[in-house]
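K.L.:
Okay, predicted coordinates and the sequence, questions at the end:
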Amino acid sequence: MEPVINDNQSFQYTYSAKRQKEVEDIRKKYLPKEEDKFETLKRLDRDAEKPGTMAAIIVGVIGALLLGVGMCCTMVWGSSMMIFIFGVIIGIVGIGIVSIAYPLYKKVTKKQREKIAGQILALSEELSL
């Protein structure tokens, strides 16, 4: 609401919904976060996947880098047969490591989900009532 003085010296208030929404949005930033049960359920589910995702990314990047080094050995530095064969071996090892990334993600995520299964089931039971 904005006070405005008229010509006859009386107050007139005008209400702006847009301004009020901005005030509420700013206010929400400074209030303590209250997480309801549904948000807790979603957060727990997201948190179960994070360790698996990080492990898969790390293993995948390492494998991709080894594959790249193997390719460099065969195409750029492959002046001798020894370096060429070494590059092929490193490339195959890199491909093997990259192919382990997804099964690693699945295994770590499954283990994390087993750890928090009790909490997830209890919260989902409360929410479904």
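P.N.:
Yep, that arrived. Residues are numbered from 1 along each chain as shown.
K.L.:
shouldn't I100 be in contact with G63?
P.N.:
Yes - assessed by Cβ atoms under 8 Å, I100 is found in contact with G63 at 7.4 Å. C-beta coordinates here come from the backbone N, C-alpha and C atoms, glycine included.
K.L.:
Between the two, which has more neighbouring residues?
P.N.:
G63 (19 against 16; other Cβ atoms under 10 Å).
K.L.:
gap between that one and I95?
P.N.:
As judged by Cβ to Cβ, to the nearest Å, G63 and I95 stand 7 Å apart.
K.L.:
swap in F86?
P.N.:
With Cβ to Cβ as the criterion, F86 and I95 are 15 Å apart.
K.L.:
residues touching A117, list them.
P.N.:
Residues counted as contacts of A117 (Cβ atoms under 8 Å, 6 or more residues apart in numbering): none.
K.L.:
Which helix or which strand is home to it?
P.N.:
Using DSSP states H and E, A117 falls within helix 81-128.
K.L.:
And the average pLDDT for stretch 41-53 is what?
P.N.:
For stretch 41-53, mean pLDDT is 92.
K.L.:
Then stretch 115-122?
P.N.:
90.
K.L.:
Now it - C-alpha only, CSV.
P.N.:
C-alpha atoms of stretch 115-122 as CSV (Å, rounded to 0.1, in the frame of the first residue of the first chain):
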residue,chain,number,x,y,z
LYS,A,115,20.9,-47.3,3.6
ILE,A,116,18.0,-44.8,3.5
ALA,A,117,15.2,-47.2,2.6
GLY,A,118,13.7,-47.1,6.1
GLN,A,119,13.4,-43.3,6.1
ILE,A,120,12.0,-43.2,2.5
LEU,A,121,9.4,-45.8,3.2
ALA,A,122,8.3,-44.2,6.5
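K.L.:
Any idea how far that stretch is from the middle of the chain?
P.N.:
Computed by Cα atoms, centre = their mean, to the nearest Å, the separation of stretch 115-122 from the middle of its chain amounts to 21 Å.
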